[in-house]
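> task: produce atomic coordinates for the following.
(chains A and B)
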Amino acid sequence: MRHLLSAADLGHDEAVMVMDTASQFGSIADRTVKKLPTLRGRTVVNLFYEDSTRTRISFELAAKRLSADVINFAAKGSSVAKGESLKDTALTLEAMGADAVVIRHGSSGAPHRLAHAGWISGSVINAGDGTHEHPTQALLDAYTMRKALCGGKGDLAGLRVAIVGDILHSRVARSNVLLLRTLGADVTLVAPPTLLPHGVQAWPCRTSMHLDDVLGEVDAIMMLRVQSERMQDSYFPTAHEYSQRYGLDASRLARLADRAIVLHPGPMNRGMEISAVVADSGRAVMVDQVTNGVIVRMAVLYLLLGARGPRDVRPDADMPVSA
Amino acid sequence: MRPVREGRFPGAALDHDDIRRAVRRIAHEIVEHRRGTAGLMLIGIPTRGVPIAERIAAAISSIEGTSPPVGSLDITLYRDDLRMRPSRALEPTWIPEQGVDAQHVVLVDDVLYSGRTIRAALDALSDLGRPATVQLAVLVDRGHRELPIRPDYVGKNLPTSASQQVRVEVEEVDGIDRVTIEDQARSAGGDPA
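Okay, the predicted model is just below:
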């Protein structure tokens, strides 16, 4: 595996290996020296065309814990603001010797273009592109569910997961459906019909328009953020009505199974898709998601960059393997 | 059954009883050197160093009556040859709860060869804390060192040529206790030693 562009790039065994690797990195987070020498001399560029705080700092921390050099390249205030194309930016990063480019872009498919246009030789990691995918978010969500509900081992076979909210515009939902299915979980998408994408029938999941119908039968429920700009676009009548029908409040929380957990990719709109009582309850695992995001991204960086890369010249192909 | 080269060391270089005796002798040497088990901690290097460390601890327990704590230290992330091979899965690391600070740590591995694994283990150990002393116990020393590293406790010295491969199998991992020497060309997979 050289790039991570889509959750569909990961087969079952690869996805489990990422999580197993992440769980080993998890023990490092408890140490006094939280740094590993593994990616010393590698350069990771965070190329962010969209604003992001948690994903960017999560990738930055993950790369730094592995001793990689990190360059943050935000579109605002950079050459991009002066009109530079993605291609020219990529060629610049290539000339500077980037081993990996972590890209967030408003256009779906931009990471794919970057990876396959022949502009750069390093790895490309999709940190969210348009309404398409956000594979590391899906990995950290799967890891969080595995740790909380599956004993921290193996896959998610038989786990029942509901993803609730704006599926139409959500790259998190798309990546999660693909990855959770790969790992054997049963996914139900819950949303008003206006917020379900066209062709959702072909996705490997069920859909429902009634949150109350699915509450009792899920092990994990993922609330998606309702982006404020959508509220003006008449996808639903009023924010209040959305909250009434699709928001997770204390009374709905009480109807979840005892062991069920609540996930949210953040940032949350308290009082909209999730009430403050739920967000602050012991069932909400948002803080774990953030912690797990760092170690999952460490695992991805290690698996993509820890081995021999395109920039490494092998001194001796027949070199004996030493222990 | 894997084909074994008929040569300088036909068949198994060490069998079950040889390994048992070697482990017991190493245990005796450790407690003699340390004059007991106070502050002693055994840390195995996965995969096969860990069960060997556990056996040494059990032998020490039968000699002294107290068992030293045992840990596991994966050194993959500290290897100097990461860039020469595909990425590998990580093995578990667990350290006894008292930590390595001020402990007398004995690193335990199955085979000592180039010394690069031990170099990596020393780096990994220093990121975990500051042991009072660090010693090295290996089941087999096969020579061909590439770094100034030597073992303190050796189960068996096996002179080999660089083209050969020493294969250590332990019951906990492989279902059998055995050390064999194979020609590298004829060996089939497994952990290279």
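
> so where do the helices sit in chain A?
Per DSSP state H, chain A carries helices over the ranges A:12-28, A:54-65, A:86-95, A:110-116, A:135-149, A:171-182, A:211-214, A:228-231, A:239-246, A:250-254, A:276-279, A:286-305.

> could these go into TSV alongside mean pLDDT and distance to A:Q201?
C-beta here means a position set from N, CA and C on the backbone, and glycine is covered the same way. Below are these laid out as TSV (pLDDT from 0 to 100; distance: least, Cβ to Cβ, whole Å):
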stretch	mean pLDDT	distance to A:Q201
helix A:12-28	94	24
helix A:54-65	96	30
helix A:86-95	93	33
helix A:110-116	96	25
helix A:135-149	98	21
helix A:171-182	97	13
helix A:211-214	96	17
helix A:228-231	70	22
helix A:239-246	92	20
helix A:250-254	96	26
helix A:276-279	96	30
helix A:286-305	96	29
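
> what's the burial count for residue 125?
Answering for chain A, as no chain was given. Using other Cβ atoms under 10 Å in any protein chain shown, A:I125 is surrounded by 26 other residues.

> I was after chain B.
B:L125 has 22 nearby residues by other Cβ under 10 Å.

> does the helix or strand that contains it reach chain A?
Element membership for B:L125 (DSSP states H and E) is helix B:116-128. Yes. Using Cβ under 8 Å from any Cβ of the partner chain, helix B:116-128 reaches chain A at B:116-117, B:123, B:127-128.

> just checking, what packs against that helix?
Contact here means 3 or more Cβ pairs under 8 Å, 6 or more residues apart in numbering or on different chains; DSSP states H and E; on that basis helix B:116-128 packs against strand B:104-112, strand B:133-141.

> ok so, going back, for the residues of helix B:116-128 next to chain A, which one is nearest A:Y49?
Taking Cβ to Cβ as the measure, A:Y49 sits nearest to B:D127 out of those, at 36.1 Å.

> excluding chain neighbours, what is closest to that closest one?
The shortest distance from B:D127 to any non-neighbouring residue, by Cβ to Cβ, 6 or more residues apart in numbering or on different chains, is to A:V33 (4.3 Å).

> same thing with A:G11?
Leaving aside its chain neighbours, A:G11 sits nearest to A:T182 (6.9 Å; criterion: Cβ to Cβ, 6+ apart).

> could you do A:S170 as well?
Nearest one to A:S170, counting by Cβ to Cβ, 6+ apart, is A:L224 at 5.2 Å.

> pull the contacting residues for the residue most central in space within chain A.
Central residue of chain A (Cα atoms, centre = their mean): A:Q137, 1.2 Å from the mean position. A:Q137 makes contact with A:55, A:128, A:171-172, A:175-176, A:265, A:293, according to Cβ atoms under 8 Å, 6 or more residues apart in numbering or on different chains.

> quick one: pLDDT of B:P46?
Per-residue confidence (pLDDT) for B:P46: 96.

> and it, how far from B:T76?
9 Å (Cβ to Cβ, to the nearest Å).

> same thing with A:A117?
Distance, A:A117 to B:T76, by Cβ to Cβ: 33 Å.

> more neighbours, the two?
B:T76 (21 against 11).

> which non-adjacent residue is nearest the more buried one?
The nearest residue in space to B:T76 (Cβ to Cβ, 6+ apart) is B:L90, at 5.4 Å.

> burial count for the one you found?
The number of residues near B:L90, taken as other Cβ under 10 Å, comes to 23.

> enumerate every residue touching residue 44.
No chain was given, so I picked chain A. A:59, A:63, A:68-71, A:98-102, A:301, A:305.

> try chain B instead
B:50-54, B:70-73, B:107-109.

> and for A:I167?
Neighbour list for A:I167: A:173, A:189, A:191, A:195-197, A:200, A:224 [criterion: Cβ under 8 Å, 6+ apart].

> what residues does chain B put near chain A?
Counting by Cβ under 8 Å from any Cβ, chain B comes close to chain A at B:74, B:77-78, B:81-94, B:109, B:111, B:113-114, B:116-117, B:123, B:127-129, B:146, B:162, B:184, B:191-193.

> narrow those to those in helices?
Using DSSP H, the subset of these located in helices is B:116-117, B:123, B:127-128.

> go through chain B and flag its longest helix.
helix B:16-34.

> how about the CA coordinates for whichever helix or strand comes after it, as PDB?
Next along the chain after helix B:16-34, taking DSSP H and E as the criterion, comes strand B:40-44. The C-alpha coordinates for strand B:40-44 follow below in PDB (Å, rounded to 0.1, in the frame of the first residue of the first chain):
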ATOM      1  CA  LEU B  40      15.900  -8.000  38.800                       C
ATOM      2  CA  MET B  41      13.700  -7.700  35.700                       C
ATOM      3  CA  LEU B  42      13.700  -9.900  32.600                       C
ATOM      4  CA  ILE B  43      12.600  -8.300  29.400                       C
ATOM      5  CA  GLY B  44      12.200 -10.600  26.300                       C
END
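
> what's the following helix or strand after strand B:40-44?
Counting by DSSP H and E, the next helix or strand C-terminal to strand B:40-44 is helix B:49-64.

> show the average pLDDT along that next one.
Averaging pLDDT along helix B:49-64 yields 97.

> for chain B, what's its nearest residue on the stretch 151-300 of chain A.
Closest approach between the stretch 151-300 of chain A and chain B, counting by Cβ to the nearest Cβ: A:A299, at 8.6 Å.

> that residue: how many residues sit nearby?
Neighbours around A:A299, by other Cβ under 10 Å: 28.

> check which residues of stretch A:196-205 are buried.
For stretch A:196-205, the neighbour count (16 or more other Cβ atoms under 10 Å in any protein chain shown) marks A:196-197, A:200, A:203, A:205 as buried.

> do the same with stretch A:93-100
Per 16+ other Cβ under 10 Å, stretch A:93-100 contains these buried residues: A:93, A:98-100.

> check whether it contacts chain B.
No. With Cβ under 8 Å from any Cβ as the criterion, chain B is not reached by stretch A:93-100; the gap is at least 10.6 Å.

> ok, A:A284 - contacts?
Counting by Cβ under 8 Å, 6+ apart, A:A284 touches A:261-264, A:274, A:278.

> again, only this time at 6 Å
A:V262 (Cβ atoms under 6 Å, 6 or more residues apart in numbering or on different chains).

> grab the nearest non-local neighbour of residue 94.
I went with chain A, as the question did not name one. That would be A:I120: by Cβ to Cβ, 6+ apart, it lies 4.4 Å from A:E94.

> please refer instead to chain B.
Excluding the flanking residues, the one nearest B:W94 by Cβ to Cβ, 6+ apart is B:S72, at 5.2 Å.

> burial of the one you found, as a residue count?
Count around B:S72 with other Cβ under 10 Å applied: 21.

> for it, name its beta-bridge partners.
Bridge pairing for B:S72 (DSSP bridges) gives the partners B:G44, B:W94.

> for it, give its distance to chain A.
Relative to chain A, B:S72 is positioned 11 Å away (Cβ to the nearest Cβ, to the nearest Å).

> from what I can see that residue touches B:P96, true?
No. The pair B:S72 and B:P96 does not pass the contact test of Cβ atoms under 6 Å, sitting 10.1 Å apart.

> and B:T180, that one's in a helix?
No. Under DSSP: H, G, I helix; E, B strand; the rest coil, B:T180 falls outside any helix and is assigned strand.

> check contacts around the residue nearest to B:T76.
By Cβ under 6 Å, 6+ apart, the contact list for B:L90 reads A:21, A:24, B:74, B:76.

> farthest pair in those?
Going by Cβ to Cβ, the pair spanning the contacts of B:L90 furthest: A:T21 and B:D74, at 10.9 Å.

> the closest residue to chain B within the stretch 51-200 of chain A: neighbour count?
The minimum distance from the stretch 51-200 of chain A to chain B, using Cβ to the nearest Cβ, falls at A:L66 (8.0 Å). Per other Cβ under 10 Å, the neighbour tally for A:L66 reads 26.
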